[in-house]
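In: Next comes the sequence, and after it the predicted model I'd like to discuss.
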Amino acid sequence: PTSLERYCHAVDNCAVGSLAITAPAGSNSTAPLALGTGSATCTGRDVAGNQASCALQVVVVDTEPPTLSCVDVQVATELGTVQAMVNLSSAVLASDNCGVVDVSQTAGRDSMSMFPVGVHVVEFTAQDAAGNRVNCSFSVVVLAGTSTTSTT
């Protein structure tokens, strides 16, 4: 998103009196423009009252991928067992500059499933409404033989 002021200019052989910008619906001329297609009008007026206008076709697209951060998880099995149930939901955080982001797991054991003792790699993908994607991966470390479970 950008403002229209950088695209509308007026010049005159005497002096420019004013420059007016009519922004696309849902936007204004000085704030970031909303995603989508619209038209805008630039109107320049000189000090004698003469004016000229031009129309702009404005297309704003989202090219910035979402942000996705992943943190390693460490859990311990119950005493005498060789696997632990792991909840991955707190290990992944996503956001996007233009709204909703869809997060999905793309590799590794599923959240809330049993993970055997050892190191497991899990991968997630975040995709925004414009189709921009980003991936992150992290390790799930399952330790054996203790009586408590902890998440790091």
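Out: Yep, it's here. Since we're looking at a predicted model, the values are computed, not measured.

In: now residue 82, nearest residue through space, not along the chain?
Out: Using CB to CB, 6 or more residues apart in numbering and skipping the chain neighbours, the partner closest in space to residue 82 is residue 117 (5.4 Å). The way it works is simple: take the backbone N, C-alpha and C, and place the C-beta from them, glycine included.

In: OK, contacts around the most centrally placed residue in the chain?
Out: The residue lying closest to the centre of the chain (CA atoms, centre = their mean) is residue 96, at 1.9 Å. Applying CB atoms under 8 Å, 6 or more residues apart in numbering to residue 96 gives the contacts 66-67, 126, 128-129.

In: Model confidence score at it, please.
Out: The score at residue 96 is 94. That number is its pLDDT.

In: in terms of contact, does the residue nearest to residue 82 touch residue 86 like I think?
Out: No: with contact defined as CB atoms under 8 Å, residue 117 does not reach residue 86; the gap is 11.9 Å.
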